[in-house]
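Asks: take a look and give me a structure for this.
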Amino acid sequence: MSTTTRMPCSPTNGRIENVPPCTEFGLPEPSPLTPEQIATLARGLACPARVAILNQFRAGCSRTTGEIVAASGLAQSTVSEHLRFLREAELLSARHDGSRVWYCMRRSVIKLFMETLADWAGDPSGAPLVTSPGDEGPYR
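Replies: You can find the predicted model right below:
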């Protein structure tokens, strides 16, 4: 069971108004993942700080760097480096609005990544997955 909570869709600093919706409208649909993209996505999710940053987007809100920094407790330079990695991995998109940059989670990319992993986990013969300790077969 997860102990994380969803962030509200309101500015965390009380000063930013007109928070844009977090949408993938206008962005290209993700294409089938290459082995390099799969590895990059896995690296993006392999860092607890990046997972915590992505968790801030679960409620579907756009966020600025300042809001992400305030909610994470990490240094601004550290958050900026993680945001750069998450953008390059296409886990986040960035939209410029004057001097602000709004970040949004690319749910379609995450969904495609999860579908790829689920496809790998499936048994090509259709046999059920091992569900009890006595059914491990020759592999332990």
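
Asks: all the strands of this structure, in order from the start?
Replies: For the chain, applying DSSP state E gives strands covering 63-64, 92-97, 100-105.

Asks: out of those strands, which is the most enclosed?
Replies: Stretch with highest mean neighbour count among the strands of the chain: strand 63-64 (a mean of 23; mean count of other C-beta atoms under 10 Å). (Each C-beta comes from the backbone N, C-alpha and C, glycine too.)

Asks: do you know how far residue 110 is from residue 92?
Replies: 10 Å (C-beta to C-beta, to the nearest Å).

Asks: need the strands of the chain in TSV with mean pLDDT and distance to residue 38, can you?
Replies: Shown next, in TSV, are these (pLDDT from 0 to 100; distance: least, C-beta to C-beta, whole Å):
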stretch	mean pLDDT	distance to residue 38
strand 63-64	94	26
strand 92-97	93	17
strand 100-105	94	18
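
Asks: redo these as TSV? Include distance to residue 115.
Replies: Output for the strands of the chain, formatted as TSV (distance: least, C-beta to C-beta, whole Å):
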stretch	distance to residue 115
strand 63-64	26
strand 92-97	19
strand 100-105	16
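
Asks: per-residue pLDDT, the residue nearest to residue 82 when sequence neighbours are not counted?
Replies: Spatially, and ignoring its direct neighbours in sequence, residue 82 is nearest to residue 50 (5.1 Å; C-beta to C-beta, 6 or more residues apart in numbering). Note for residue 50: predicted pLDDT of 97.

Asks: and residue 81, how far from residue 119?
Replies: Going from residue 81 to residue 119 by C-beta to C-beta gives 32 Å.

Asks: over to residue 91?
Replies: Residue 91 is 20 Å from residue 119, where distance means C-beta to C-beta.

Asks: next, count neighbours for residue 69.
Replies: 21 (other C-beta atoms under 10 Å).
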